[in-house]
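J.: mind looking at a prediction? Sequence and model below.
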Amino acid sequence: MSQSSYVPPKVWQHLEASGGQFSKINRPTAGATHDKQLPVGKHPLQLYSLATPNGVKVTILLEELLAQGHKGAEYDAWLIRISEGDQFSSGFVGVNPNSKIPALLDRSTATPIRVFESGSILLYLAEKFGAFLPKDPAGRTETLNWLFWQMGSAPYLGGGFGHFYVYAPEKFEYAINRFTMETKRQLDVLNQRLANNRYLAGDTYTIADIAVWPWYGELVRNNVYSAAEFLAVHDYPHVLRWAEEIAKREAVQRGRRVNRAWGDESDQVPERHQAADLD
């Protein structure tokens, strides 16, 4: 049905065909669809994820922690193939009832602690290891400002712009215009902030940068949605400067490869159980 003639029904009904590319995994209900336990490796930290921007946030932070010498940050990273519905297994739902990657299980405590939502995982790990989160109230608050900015803003980029620009079964001008405008507004927010600050929280690299970079840094580097030209990212030179600086960090280069199962084979590390898996 064309976008101009569609009239919403009085009561919405789920039609599998309406899901487009993701019709086999999108559904209006929660919970497990099948019984399957999650694998468990030798390290206290067990990560169940995929190298989407949200997943990459966590693996970058873990690699950054290891680079700083935090041996307790060693982790096993298990691949969750969301296109095949792995996130709806009983084991995964037990760690994240929202059935979204990433999900973390910390088995270093007497009772294992589950952590879900990427922002929550970043905050949990930063507090656990006392790293990448300033201790002074002003610095900590500014870091959390930008962390939560990302959590609230990125759905407009991913579920809004990315979906309608790349994945929707038809190109809807209104939807693309609406979310392109919002994406460019967000890039301008970042550009203005980074005009006078090396990093988002100031002079210090924090979990705010780690959260924002996989979405917006990779967007302007043309690695998310291949939309750099469409979005005229040259209009955001300070975002570009920041994005390229972070991309050069060794831990970032390592973290972005973990749980990756597509693209150049040299970039793919579907599972990670020891540092040598990335070497």
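T.: Alright, I've got the coordinates. Residues are numbered from 1 along each chain as shown.
J.: surely residue 195 meets residue 236?
T.: No. In this structure, residue 195 is not within contact of residue 236 by CB atoms under 8 Å, at 9.9 Å. (C-beta placed from N, C-alpha, C; glycine too.)
J.: comparing these two, which residue is more hemmed in?
T.: A direct count of neighbours by other CB atoms under 10 Å for residue 195 and residue 236 places residue 236 higher, at 24 against 12.
J.: dihedrals phi and psi, that one?
T.: The phi/psi pair for residue 236 (degrees, to the nearest 10) reads phi -120, psi 60.
J.: and what of residue 221?
T.: Torsion angles, degrees, to the nearest 10, at residue 221: phi -90, psi 10.
J.: one more: residue 51?
T.: Per degrees, to the nearest 10, the backbone of residue 51 is at phi -80, psi 50.
J.: before we move on, what about the one 10 residues further on?
T.: Backbone torsions for residue 61, taken as degrees, to the nearest 10, come to phi -60, psi -40.
J.: can you name the next helix or strand after the longest helix along the chain?
T.: Ordering each helix of the chain by length in residues (DSSP state H) puts helix 173-194 first. Downstream of helix 173-194, the first helix or strand assigned by DSSP states H and E is helix 207-212.
J.: which ones are touching residue 128?
T.: By CB atoms under 8 Å, 6 or more residues apart in numbering, the residues touching residue 128 are 72, 106.
J.: for the helix or strand encompassing it, C-alpha coordinates in PDB please.
T.: Residue 128 belongs to helix 118-129 when assigned by DSSP H and E. Output in PDB follows, covering the C-alpha atoms of helix 118-129 (Å, rounded to 0.1, in the frame of the first residue of the first chain):
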ATOM      1  CA  SER A 118      25.000  -1.300  26.400                       C
ATOM      2  CA  GLY A 119      25.000   2.000  28.400                       C
ATOM      3  CA  SER A 120      24.500   0.000  31.600                       C
ATOM      4  CA  ILE A 121      27.300  -2.400  30.700                       C
ATOM      5  CA  LEU A 122      29.700   0.500  30.000                       C
ATOM      6  CA  LEU A 123      28.800   2.200  33.400                       C
ATOM      7  CA  TYR A 124      29.100  -1.200  35.200                       C
ATOM      8  CA  LEU A 125      32.500  -2.000  33.900                       C
ATOM      9  CA  ALA A 126      33.800   1.600  34.300                       C
ATOM     10  CA  GLU A 127      32.800   1.500  38.000                       C
ATOM     11  CA  LYS A 128      34.000  -2.000  38.500                       C
ATOM     12  CA  PHE A 129      37.500  -1.200  37.300                       C
END
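J.: my guess is residue 115 is in a helix, correct?
T.: No. Counting by DSSP: H, G, I helix; E, B strand; the rest coil, residue 115 is not found in a helix; it is strand.
J.: distance of it relative to residue 127?
T.: 11 Å (CB to CB, to the nearest Å).
J.: buried ones in the helix or strand following the helix holding residue 128?
T.: Downstream of helix 118-129, the next assigned helix or strand under DSSP H and E is helix 137-155. Of the residues in helix 137-155, 139, 142-144, 146-147, 149-151, 153-154 count as buried by neighbour count, 16 or more other CB atoms under 10 Å.
J.: also stretch 160-167?
T.: Residues 160-165 are the ones in stretch 160-167 that count as buried (16+ other CB under 10 Å).
J.: and the strands in the stretch 1-150 of the chain?
T.: 45-49, 75-79, 103-106, 113-116 (DSSP state E, counting those that start in this stretch).
J.: name the surrounding residues that touch the third one.
T.: What that stands for is strand 103-106. 38, 44-49, 58, 80, 92, 95-96, 112-116, 121, 124-125, 128.
J.: same thing with the first one?
T.: With contact meaning CB under 8 Å, 6+ apart, strand 45-49 is reached by 38, 40, 55, 58-59, 62, 73-80, 92, 95, 101-108, 258-259.
J.: so, low pLDDT: which residues of the chain?
T.: Across the chain, residues meeting the criterion (pLDDT under 70) sit at 1-4, 17-20, 23.
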